[in-house]
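Asks: A predicted structure for the sequence below; I have some questions about it.
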Amino acid sequence: MRRITLDQANQIIVAAFAKGAELNLKPLSVAVLDAGGHLLAFQRQDGASTLRAAIATGKAAGALALGISSRRIGEMAAERPSFIASLGPISPHGIVPAAGGVIVAGDDGAPIGAVGITGDTSDNDELCALAGIAAAGLTPQN
């Protein structure tokens, strides 16, 4: 598979919201990007704050930009804070160094897009991203 379809992006969002409801999480916002970092789909649940679109997109876009999950970017930020801080202004969608941004891998392991979720704890955001990716029949990058 070479790309995430709009149908798959919507499946990711529906499943991520379902996982959030199952875990009784705060209102979530989900962004799904293609491999080029372009927004395919976005939704925010009722009650989600207004900056959540940018945060979710920043988690996904940062993961794609650096080729690693936003969780790993957060770990890098602890080790090299000046470096990670310098990337935000040069990244079109910013870079959010917190778990919740997961790269989606194609059949050959190459990135075909990314999912970014925000709204609850970063760990819970990531759980919902992984649930959404799995529900759409896709694979997260290792």
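Replies: Noted; the coordinates are in hand.
Asks: what residue of this structure is the furthest out?
Replies: Ranked by distance from the centre of the chain (Cα atoms, centre = their mean), the top residue is residue 82, with 22.8 Å.
Asks: Go through the helix or strand containing that residue and flag the buried ones.
Replies: Following DSSP states H and E, one finds residue 82 within helix 81-87. Across helix 81-87, burial judged by 16 or more other Cβ atoms under 10 Å covers 84, 87. For the C-beta atoms, the positions are set from N, CA and C on the backbone; glycine is no exception.
Asks: Can I get it in CSV, CA atoms only?
Replies: What follows is helix 81-87, C-alpha atoms only, in CSV (Å, rounded to 0.1, in the frame of the first residue of the first chain):
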residue,chain,number,x,y,z
PRO,A,81,16.1,20.5,24.2
SER,A,82,17.7,23.3,22.1
PHE,A,83,17.8,21.1,19.0
ILE,A,84,14.1,20.0,19.2
ALA,A,85,13.0,23.6,20.1
SER,A,86,14.8,24.9,17.0
LEU,A,87,12.7,22.6,14.7
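Asks: can you start the count at 21 instead of 1 from here on
Replies: OK, 21 is where the count begins now, so the last one is helix 101-107.
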